[in-house]
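In: Sequence and predicted structure, then a few things I'm wondering about:
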Amino acid sequence: MTNDPMADIKATFFLECEELLETLLEGLELLSDGSATEDTIHAVFRSVHSIKGGAGAFGLDRLVHFAHRYENVLDLMRSGTLESSPDLMTLCFKATDLLSDLVRAGQTNKNTDTKAEEDALEALAGYCVAPEETEAVVAFEPMGLDMDLGIDPDLEPTEANVSTTIRFVPDIAMMADGHEPLHSLRALQNLGAGEIVCHTDSLPTLTELNGEDTHFHWTISMPAEVEKAEIEAVFEFVDGLCEIEIGPQDQADAPEHQNAIEGAGEAP
C-alpha cells in the first residue's frame, strides 16, 4: 500500500487484469480444441468486458478502444451470430496477446506496437460486418475529457438517442476509500453519455459542510446502443460504496438546485 489511495486502486485493477487475462486465455484454448461449454464463451466475453470497464475508469483510452472492438467479436460468438473457425481463433489469440501488451503499457506507461494493434483492429472489424451490410462498423473512439467532462452545452438528449437513465449517489464510504466519482463519470462519457446532470440539492450550508463527502448526486442519460452490462461494469470497482439505479428513460427528479456538467452553470 502507498500514501496515494488512487495508486493503490489502480494497482488492484492491474492485478485483477492478470487474472482476467488468464481466464481469457484458458477459455480460448477450450474454444480452440472444441471442448468449450456455453459458459466458456460467456467467461471469455466477461474477461474482456471487465478489463474495458476498469480501463475506462482510469482513462486508458487505447486499452478501452481495443477491448471494445475485441468484445464486439466475442459478443457475436456468444450470441451464435458468428461461428468459431481456425482463422477466427488465431485472431482471438493474437488479440489477447495485444490486449495483454496494452494492459502492461497502461501499467508501465510504455509504448506498444501500434502497427500490430491497428492490423488486429482492422481484422476484428471485418468480423463485425454482417454479410448483408455494406458499410463498415463505426470504430469506437473514446472522447477526450477535461475536468468539466467536456460535454457540449448544446447537446440535448432526445427520445431517439436516449433510452437509459442512471442515478448515481456516492456514499461517504466511497470517498473515504479514495474513489473519485469523476472516474466513473469519465467512463460513462467514454461510452457516449448524452447528458450528465449534477444535483446539488443536498449541499449543506458552509458551517455544516463536510469536506470528506461529495454532497452531490448525478443523473446520466445514456444512448440506446449502450448495454446495461456495460454501464454496470463502470461501477464494478465501487460496488457497495454508492447507490446506483439503472432504468428506462424517464423524467428524473429535478431539484430546484442543479447544474448540468457542461462548464456553464454557476458553481454551488
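Out: Yep, that arrived.
In: the helices in the stretch 151-268 of the chain, which residues?
Out: Assigned by DSSP state H, counting those that start in this stretch, the stretch 151-268 of the chain shows helices spanning 172-176, 181-191, 228-234.
In: Packing partners of the last one?
Out: Helix 228-234 makes packing contacts with helix 38-57, strand 164-170, helix 181-191, strand 242-248 when contacts are defined by 3 or more C-beta pairs under 8 Å, 6 or more residues apart in numbering; DSSP states H and E. All C-beta spots, glycine's among them, are computed from the backbone N, C-alpha and C.
In: hey, least reliable of these by pLDDT?
Out: Mean pLDDT across the helices and strands packed on helix 228-234 is lowest at helix 181-191; the value there is a mean of 80.
In: Show me what counts as buried in it.
Out: Of the residues in helix 181-191, those buried by neighbour count under the rule 16 or more other C-beta atoms under 10 Å are 181, 183-191.
In: orientation of that helix relative to strand 242-248 in degrees?
Out: Computed with axes from the mean of the first three to the mean of the last three C-alpha atoms, to 10 degrees, the direction of helix 181-191 lies at 20 degrees from that of strand 242-248.
In: For helix 181-191, output the C-alpha coordinates as CSV.
Out: Listed next in CSV are the C-alpha coordinates belonging to helix 181-191 (Å, rounded to 0.1, in the frame of the first residue of the first chain):
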residue,chain,number,x,y,z
PRO,A,181,-16.7,10.0,-8.8
LEU,A,182,-15.1,11.7,-11.7
HIS,A,183,-13.5,8.4,-12.9
SER,A,184,-17.0,6.8,-13.1
LEU,A,185,-18.4,9.8,-14.9
ARG,A,186,-15.5,9.9,-17.3
ALA,A,187,-16.0,6.2,-18.1
LEU,A,188,-19.7,6.9,-18.8
GLN,A,189,-18.7,9.7,-21.1
ASN,A,190,-16.4,7.3,-23.0
LEU,A,191,-19.5,5.1,-23.5
